[in-house]
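> Sequence and predicted structure below; questions after.
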Amino acid sequence: MGPVISDNITLENYLADAENASPENQSQIAQVVGVVGKILKRIYKSVQRASLAGLTGDTGAINIQGEEVQKLDEFANQTFVDVFKQAGIIGYIISEEMNEVVRLDCREGSENYLLTVDPLDGSSNIDVNVTIGSIFGLYKLDNTDWSDIREALQPGNKLIASGYSLYGSALDFVFWMRGSTVNGFVYDIDGGEFILAYPDIKIPTESRIYSVNAANYEFWDKPTQKVVDYLRTGRKESTTRYVGSLVADFHRSLLKGGVYLYPAHDGAPCGKIRLLYEAAPLAKLITEAGGGATTGREKILDIAPTAPHQRCPTILGSAKVVAEIERIYRENN
Ligand code: AHG
Ligand code: MN
Ligand code: MN
């Protein structure tokens, strides 16, 4: 399905309508999504100017993941923190780029809202002008009566909103929030607003496209090798696309059908993708769009997190393909 361009449904209008339809719960969620939209525009501007503004390359720091922090990772992270600090509508933020959960000053009643964020996904692609993006998830904690955030973390099926952006040939913002479907907005540079272009996204149930870093093949366990053998040769007309930015591979899979895999491998028993701000938000979104999300052995949305930066093997894609992958794991364990 191609985009349906609507002149009059801006992100602002869309969020106002959602608030009116269900004012008691929706207002805070819509406000958070609105602020995320504002942040995405800001980051996109910097992405576009990165190579001219000295924003390419790394900062010299290593983050909690043991990965080099790129200048744009830091900028994007700071933008999320600063803008949400000012907005006062969430109590906590967990980010890929911050070791600890950060408590934000907020207005009364907002303390329970936890935002999880991968400020910039696909960092290795920043310096070569390949699509990157941001991912967010929004949770409402049951209480704030805990001494360690680990006691309060919730599985992905408790998310109340999640989404991602793409800083590519266009700025896209795709999200889902409680009570509504998955929708994709495209930034109109002339008008300075997000316009609804992909309403009510549903992922095709079948597809021949798969995305995986096959260089890890010999380090995968046998069932995972069988899964990828099946995707590669077990079906007619199969084809690979692998960008190395989860958001980009995910977005193509969502619109055209397909499956993205980052399985565990020797040396990375849980793979690479982080549960709270990568796997779970995208798992929730793709599930709402009719797709599947699994580690191969369990549903990603059922995993109860025990640490802010934990990882999980990640398989996201078309429902029938994901079901087949789960079957292969079941039968080969
Ligand atoms: P990040 O840039 O936020 O650290 O995430 C990178 C992730 C993901 O975007 C991508 O699919 C994957 O790393 C690529 O990893 P490989 O280079 O190991 O294939
Ligand atoms: Mn990432
Ligand atoms: Mn990142």
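Perfect, thanks for sending it. Ligands and ions are numbered 1, 2, ... in the order given.
> who in this structure is up against ligand 2?
118, 121 (CB under 5 Å from the ion). (Each C-beta comes from the backbone N, C-alpha and C, glycine too.)
> Regarding the chain, what is its longest helix?
The longest helix of the chain (DSSP state H) is helix 23-49.
> Please spell out which residues along the following helix or strand past that helix are buried.
Per DSSP states H and E, the first helix or strand lying C-terminal to helix 23-49 is strand 58-62. The neighbour-count check on strand 58-62 (16 or more other CB atoms under 10 Å) flags residue 58 as buried.
> tell me which strands and helices strand 58-62 is in contact with?
Under the contact definition 3 or more CB pairs under 8 Å, 6 or more residues apart in numbering; DSSP states H and E, strand 58-62 sits against strand 68-70, helix 71-87.
> Now do that strand and helix 71-87, the angle between them.
Interaxial angle of strand 58-62 relative to helix 71-87 (axes from the mean of the first three to the mean of the last three CA atoms, to 10 degrees): 80 degrees.
> ok, residues contacting strand 58-62?
Counting by CB atoms under 8 Å, 6 or more residues apart in numbering, strand 58-62 makes contact with 68, 69, 70, 71, 73, 74, all of which sit outside it.
> For the closest residue to residue 324 other than its chain neighbours, give its distance to residue 327.
Nearest non-adjacent residue to residue 324, counting by CB to CB, 6 or more residues apart in numbering: residue 230, 7.2 Å away. From residue 230 across to residue 327, the span is 10 Å (CB to CB, to the nearest Å).
> Could you do residue 83 as well?
In terms of CB to CB, residue 83 sits 44 Å off from residue 327.
> one step back: list just the nearest of the contacts of strand 58-62 to residue 203.
residue 73 (28.7 Å; CB to CB).
> related to what we said a few turns ago, which among the contacts of strand 58-62 gets closest to ligand 3?
Ligand 3 has its nearest neighbour among these in residue 73, at 5.8 Å by CB to the ion.
> my read: that closest one touches residue 95, true?
No - under the criterion of CB atoms under 8 Å, residue 73 makes no contact with residue 95, lying 9.7 Å away.
> anything in contact with each of these two?
residue 119.
> How much space separates residue 319 from ligand 2?
Here the criterion is CB to the ion, to the nearest Å. By it, residue 319 lies 24 Å from ligand 2.
> pLDDT score assigned to that residue?
Residue 319 is assigned 98 on the pLDDT scale.
> Check the one 3 residues further on too.
Among the per-residue scores, residue 322 shows a pLDDT of 98.
> Not counting residues beside it along the chain, what's closest to it?
Nearest one to residue 322, counting by CB to CB, 6+ apart, is residue 292 at 2.9 Å.
> ok, what's across the strand from the one you found?
residue 317 (DSSP bridges).
> So it sits against residue 300, correct?
No - here residue 292 does not reach residue 300: they are 9.3 Å apart, not a contact under CB under 8 Å.
> Now for those two: what residues contact both?
Common neighbours of residue 292 and residue 300 (CB under 8 Å, 6+ apart) are residue 316.
> Kindly state the beta-bridge partners for whichever residue of the chain sits closest to ligand 2.
The chain approaches ligand 2 most closely through residue 121 (3.4 Å), counting by CB to the ion. Legend: beta-bridge partners of residue 121 under DSSP bridges are residue 133.
> what's it in contact with, if anything?
Residue 121 neighbours (CB under 8 Å, 6+ apart): 132, 133, 134, 135, 164, 245, 246, 247, 278.
> The last one contacts residue 314, correct?
Yes - taking contact to mean CB under 8 Å, the distance of 7.3 Å between residue 278 and residue 314 places them in contact.
> Okay, and the closest residue to residue 137 other than its chain neighbours sits in which element?
In space, and not counting its chain neighbours, residue 137 is closest to residue 281: 3.6 Å by CB to CB, 6+ apart. Assessed by DSSP H and E, residue 281 sits inside helix 280-288.
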